[in-house]
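Peer 1: Here is a sequence with its predicted model. Questions after.
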Amino acid sequence: MPPDNRKKIPPLFAVPEREAAADDSGRTVEKPARRKKSESPACPLCFGTGLEVIPGKGARRCECRTEDTRSKLLAQAHIPRRYREPAPPRKEACTLQNYYPAPNNGSQLKAFNYAFRLV
């Protein structure tokens with residue numbers, strides 16, 4: 001088939017993440033409901049490819065892969081649950097706001113001040 005008879009297909013471009021993306025009317029596109037592990041393994045947005053295709057605009061990384069990556073990173077960090085999740089109602093969560101360094105312990109105070117400045 002001669003190349004003249006083919007319809008030219010414009011190239012696809014990377015589309016920004018959902019928070020920054022807007023449709024043609026200027027409204028922000030809402031996030032779809034996150035898929036649960038009990039549902040089918042294929043994501044309805046990317047069909048398991050990891051890339052969500054936006055007609056006429058391009059493609060972007062699918063949210064299902066972003067969530068999977070985030071949960072994998074948290075699991076690999078081996079952060080104890082009391083530091084990464086809210087505590088049960090009877091106990092407070094461990095935060096910098098409710099941590100008090102031991103009195104007369106300069107190294108704890110120095111480490112606390114350094115951590116507090118980082119966050």
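Peer 2: Right, received. Where do you want to start?
Peer 1: Going by C-alpha atoms from here, please, whenever you check contacts or count neighbours.
Peer 2: Fine.
Peer 1: Quick check: which ranges of this structure have low pLDDT?
Peer 2: 1-7, 9, 18-41, 85-92 (pLDDT under 70).
Peer 1: can you map out the helices along the protein?
Peer 2: Using DSSP state H, the helices found in the chain span residues 63-77, 81-84, 106-118.
Peer 1: With mean neighbour count and distance to Ile54 as extra columns, can I get these in a markdown table?
Peer 2: Listed next are these as a markdown table, based on neighbours: other C-alpha atoms under 10 Å; distance: least, C-alpha to C-alpha, whole Å:
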| stretch | mean neighbour count | distance to Ile54 |
| --- | --- | --- |
| helix 63-77 | 13 | 13 |
| helix 81-84 | 12 | 34 |
| helix 106-118 | 12 | 38 |
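Peer 1: would you turn the ones you listed into TSV with distance to Phe47?
Peer 2: Output for those, formatted as TSV (distance: least, C-alpha to C-alpha, whole Å):
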stretch	distance to Phe47
helix 63-77	10
helix 81-84	31
helix 106-118	39
